[in-house]
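Peer 1: how would this look folded up:
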Amino acid sequence: MGLREDLLKSIWHAFTALDVDKSGKVSKSQLKVLSHNLCTVLNVPHDPVALEEHFKDDDEGPVSNQGYMPYLNKFILDKVQDNFNRLDFNRMCWTLCARKNLTKNTLLITDDDAFKIWCIFNFLTEDKYPLTLVTEEIEYLLRKLTEAMGGSWIEEKFEDYKIQLNAKQQCLSVWELIELIGTGHFSKGMDRQTLSMGINEVFQELILDVLKQGYMMKKGHKRKNWTERWFVLKPNVLSYFVNENLTEKKGHVMLDSSCCVESLPDKEGKKCLFLIKCSGKTFEINASDKKKKQEWIQAIQTAVNLLKQGLPAPHKEARQKRKELRQKLQAEQEALEQRMKELQTANESKQRELETMRKKLEEDAVSAAEEERRRQQTQAELQDRYRTDLEREKMVRQQMEEEVAQKSSELEQYLQRVRELEDMYRRLEESLEDERQARQDEETVRKLQARLLEEEATKRAELEHLHLQQQKAISRTEAEKQELEQQRIVKEQALQAAMLQLDQLESERKEALEQYGEVMKKLENAANKTRSWKDKVAQHEGLIRLIQPGSKGPQLITNWGAAAFTEAELNLREKSWQEKKSNATE
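Peer 2: Below is the predicted model:
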């Protein structure tokens with residue numbers, strides 16, 4: 001993270017605090033005061049005329065954040081050099097925003113502790129506005145704070161809080177973070193002093209780049225006497241002070257790539273000695289015990305190795321790795337979501353095609369059913385017509401038979417009369433007349449039979465013609481039925497192919513879900529690796545648990561450790577030390 005991004009985060013808090021009505025704009029008079037204060041703490045020459053010239057077109061009203069950014073970049077940030085006190089700059093911005101947003105009634109921490117949490121928040125957030133702290137960084141901060149207070153991290157408690165947080169906005173603003181830590185939600189059982197010491201330790205590590213600090217004895221260069229000093233190790237310098245309040249600095253050792261640390265044998269009654277060689281100077285240091293000696297040697301050697309490799313402090317490198325991991329996981333998740341959307345779109349398209357095909361099949365089925373119904377209706381009409389014609393023909397035939405029978409009866413009656421006449425005229429006419437009359441009667445009957453046979457042949461021909469028409473209609477209906485059956489088979493095959501495509505899409509969707517599960521497992525594994533980084537560093541580099549508070553009960557604390565002496569022995573040693581100090585001064 002560059003210097004400009006760090007400064008913009010603090011300035012954003014100040015600008016937002018000046019925006020009283022939350023309209024995104026601030027009056028010009030307030031911006032003038034803000035610009036003057038920024039120039040003062042950043043050691044940049046202030047030019048009030050440039051501000052007036054820049055905003056001469058905005059005399060009618062307040063200025064937005066976007067309108068202020070060009071002036072801020074051109075006349076302030078572009079001129080900033082790394083020759084100012086960052087704490088003074090942060091405290092100025094903190095003063096502007098804390099007055100409006102900080103509620104002190106329910107907090108267990110002081111204003112100074114809240115300011116340190118505010119600085120840590122700016123360090124851990126990404127440069128995306130409005131500034132918020134994501135869940136992973138919240139867990140990282142709470143873990144470090146719990147370890148600094150000497151407590152044990154309760155994973156289940158944070159998981160419950162994470163569920164509540166995800167149900168809302170999945171991130172915290174700086175004031176929500178201050179309230180979370182200040183109300184003691186994750187530090188129950190700890191007193192205010194322990195909480196304040198934990199916040200200060202995390203602040204020194206993350207903001208002030210303190211790799212290690214503590215009391216050690218240092219041998220003087222001139223008097224060669226041993227004096228107890230409070231040492232503070234940063235990536236490029238080892239400073240030592242009179243006490244841990246850091247009020248009086250006694251000197252420092254500038255570290256570079258040529259520095260080295262060597263362990264020394266015991267001498268002059270001193271144990272746990274080691275030597276620092278840097279820039280032609282040597283510094284003999286006496287640690288309180290072997291463990292502290294080894295921790296200090298490893299810490300100083302780690303700082304030298306960082307300078308050789310040109311790497312930042314471990315916590316900054318770890319923050320960058322966490323950021324890159326989040327970005328990578330987010331990119332993978334976005335790619336997976338895009339793939340899921342594409343599969344869903346393809347699935348919806350296939351569903352629409354299947355629905356269209358199904359509707360078409362239904363329409364074809366309805367059309368075929370309607371055609372079949374019309375065919376059956378036509379066939380029924382033809383059958384009815386044929387039946388009617390047959391019945392009509394049967395009736396005509398019956399009528400003809402009745403007429404023939406009637407004619408036959410009449411003929412019989414006529415013949416009877418003829419016979420009677422013949423009998424009457426037999427006596428009157430000759431046998432020739434009887435023969436002639438008989439021939440005439442025979443001719444009449446023959447003609448009548450010929451006419452009846454002709455009419456019967458005509459009706460038979462008509463019936464055969466109707467029978468042929470019926471056979472042709474039945475054949476045509478059978479052909480249409482076979483064609484419709486073939487169309488139905490083809491459409492069923494198309495439907496089966498579409499169902500196979502749908503099953504394939506379903507399997508692809510399941511594979512995508514499995515890939516999504518694997519990505520989530522990778523995310524969980526990466527989070528577990530991030531949580532355990534400090535344990536690994538503690539095993540290999542000894543950078544964890546630099547300073548720990550003591551147990552909860554009252555104990556005597558000395559530079560030799562907790563409860564190392566009784567109270568009487570401690571008083572005797574204090575008197576002896578005072579006498580040696582007065583003698584050395586004389």
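
Peer 1: distance of residue 573 from residue 347?
Peer 2: Note on residue 573: its distance to residue 347, by CB to CB, to the nearest Å, is 81 Å. Where you see a C-beta, it was placed from the backbone N, CA and C, and this is true even at glycine.

Peer 1: just residue 255 next, same as before
Peer 2: Taken as CB to CB, the span from residue 255 to residue 347 is 62 Å.

Peer 1: State the separation between the lengthiest helix in the chain and the centre of the chain it belongs to.
Peer 2: Scanning the chain for the helix with the most residues, using DSSP state H, yields helix 314-426. Its chain's C-alpha centre and that of helix 314-426 lie 53 Å apart, by CA atoms, centre = their mean, to the nearest Å.

Peer 1: just checking, what packs against the very next helix or strand once past that helix?
Peer 2: Of the helices and strands lying after helix 314-426 in sequence (DSSP states H and E), the nearest is helix 431-531. Helices and strands touching helix 431-531, by 3 or more CB pairs under 8 Å, 6 or more residues apart in numbering; DSSP states H and E, are helix 135-148, helix 314-426.

Peer 1: Can you mark which positions in the helix or strand just after the first one are buried?
Peer 2: Translated: helix 135-148. Going down the chain from helix 135-148, the next helix or strand is helix 155-168, by DSSP H and E. Buried residues in helix 155-168, counted by 16 or more other CB atoms under 10 Å: 158, 161, 165.

Peer 1: which residues sit in contact with the closest residue in space to the last one that isn't next to it in sequence?
Peer 2: When the adjacent residues along the chain are set aside, residue 165 lies closest to residue 135, with 6.4 Å between them (CB to CB, 6 or more residues apart in numbering). Neighbouring residues of residue 135 by CB atoms under 8 Å, 6 or more residues apart in numbering: 162, 165-166, 170-171.

Peer 1: at 7 Å what do you get?
Peer 2: The contact partners of residue 135, taken as CB atoms under 7 Å, 6 or more residues apart in numbering, are 162, 165, 170.

Peer 1: how close does it sit to residue 513?
Peer 2: In this view, residue 135 and residue 513 are 24 Å apart by CB to CB.

Peer 1: correct me, but residue 260 touches residue 277?
Peer 2: Yes. At 5.2 Å, residue 260 counts as touching residue 277 under the criterion of CB atoms under 7 Å.

Peer 1: More neighbours: those two, which one.
Peer 2: Shown here are residue 260 and residue 277; by other CB atoms under 10 Å, residue 277 has more neighbours (14 against 11).

Peer 1: Sketch out the low-pLDDT regions of the chain for me.
Peer 2: Along the chain, segments meeting pLDDT under 70 span 1, 55-66, 104, 167-168, 189, 434, 527, 530-566, 586.

Peer 1: what about 50?
Peer 2: Low-confidence segments of the chain (pLDDT under 50): 1, 541-548, 550-553.

Peer 1: how about stretch 205-216: buried residues?
Peer 2: 205-207, 209-216.

Peer 1: that older thread, got the contacts of residue 135 as a markdown table, with distance to residue 307 columns?
Peer 2: Converted to a markdown table, the contacts of residue 135 look like this (distance: CB to CB, whole Å):
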| residue | distance to residue 307 |
| --- | --- |
| 162 | 38 |
| 165 | 39 |
| 170 | 38 |
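
Peer 1: Can you tell me which of those is nearest residue 50?
Peer 2: Using CB to CB, residue 170 is the member of the contacts of residue 135 that lies nearest residue 50, at 41.6 Å.

Peer 1: Can you get me a residue count around the closest one?
Peer 2: The number of residues packed near residue 170 is 11, by other CB under 10 Å.

Peer 1: ok, now which ones touch it?
Peer 2: Taking CB under 7 Å, 6+ apart, we find residue 170 in contact with residue 135.

Peer 1: now the longest helix of the chain against helix 135-148, angle please.
Peer 2: Between helix 314-426 and helix 135-148, the angle comes out at 140 degrees (axes from the mean of the first three to the mean of the last three CA atoms, to 10 degrees).

Peer 1: by contact count, what packs against helix 314-426?
Peer 2: The contact analysis (3 or more CB pairs under 7 Å, 6 or more residues apart in numbering; DSSP states H and E) places helix 314-426 against helix 431-531.

Peer 1: follow-up on the earlier one: of residue 255 and residue 347, who's got more company?
Peer 2: For the pair residue 255 and residue 347, the greater number of neighbours falls to residue 255 (21 against 15), based on other CB under 10 Å.

Peer 1: Just want the phi and psi numbers for the more buried one.
Peer 2: When read as degrees, to the nearest 10, the backbone of residue 255 gives phi -90, psi 140.

Peer 1: List the buried residues in stretch 219-235.
Peer 2: Residues of stretch 219-235 classed as buried by neighbour count (16+ other CB under 10 Å): 219, 226, 229-235.

Peer 1: between the residues you listed, which is closest to residue 39?
Peer 2: Nearest to residue 39 among the buried residues of stretch 219-235: residue 234, at 27.9 Å, using CB to CB.

Peer 1: hang on, the earlier thing: return the most buried member of the helices and strands packed on helix 431-531.
Peer 2: Neighbour counts averaged per stretch over the helices and strands packed on helix 431-531 are highest for helix 135-148, at a mean of 20; criterion: mean count of other CB atoms under 10 Å.

Peer 1: Just want the angle from that helix to helix 431-531.
Peer 2: Compare the direction of helix 135-148 with that of helix 431-531 by the same axes, to 10 degrees and you get 30 degrees.

Peer 1: how big is the angle separating helix 135-148 from helix 155-168?
Peer 2: Going by the same axes, to 10 degrees, helix 135-148 makes 150 degrees with helix 155-168.

Peer 1: ok now helix 135-148, how far from the chain's centre?
Peer 2: In terms of CA atoms, centre = their mean, the centre of helix 135-148 is found 23 Å from the chain centre.

Peer 1: if I look at residue 79, how far off is residue 201?
Peer 2: Separation of residue 79 from residue 201 (CB to CB): 35 Å.

Peer 1: quick one, which of these two is more surrounded?
Peer 2: When residue 79 and residue 201 are compared on other CB under 10 Å, the one with more neighbours turns out to be residue 201, at 22 against 13.

Peer 1: Hmm, residue 148 and that one touching each other?
Peer 2: Yes. Using CB under 7 Å, residue 201 is in contact with residue 148, at 4.2 Å.

Peer 1: if I've got this straight, residue 84 is in a strand?
Peer 2: No. Counting by DSSP: H, G, I helix; E, B strand; the rest coil, one finds residue 84 to be coil, located in no strand.

Peer 1: so it sits right up against residue 39, yeah?
Peer 2: No. Using CB under 7 Å, residue 84 makes no contact with residue 39, being 10.4 Å away.

Peer 1: show me the contacts for the residue nearest the centre of the chain.
Peer 2: Nearest residue to the geometric centre of the chain (CA atoms, centre = their mean): residue 333, 6.1 Å. Shown in contact with residue 333 (CB under 7 Å, 6+ apart): residue 519.

Peer 1: what's the distance between it and residue 398?
Peer 2: Look at residue 333 and residue 398: by CB to CB, they are 94 Å apart.

Peer 1: likewise residue 355?
Peer 2: 62 Å.
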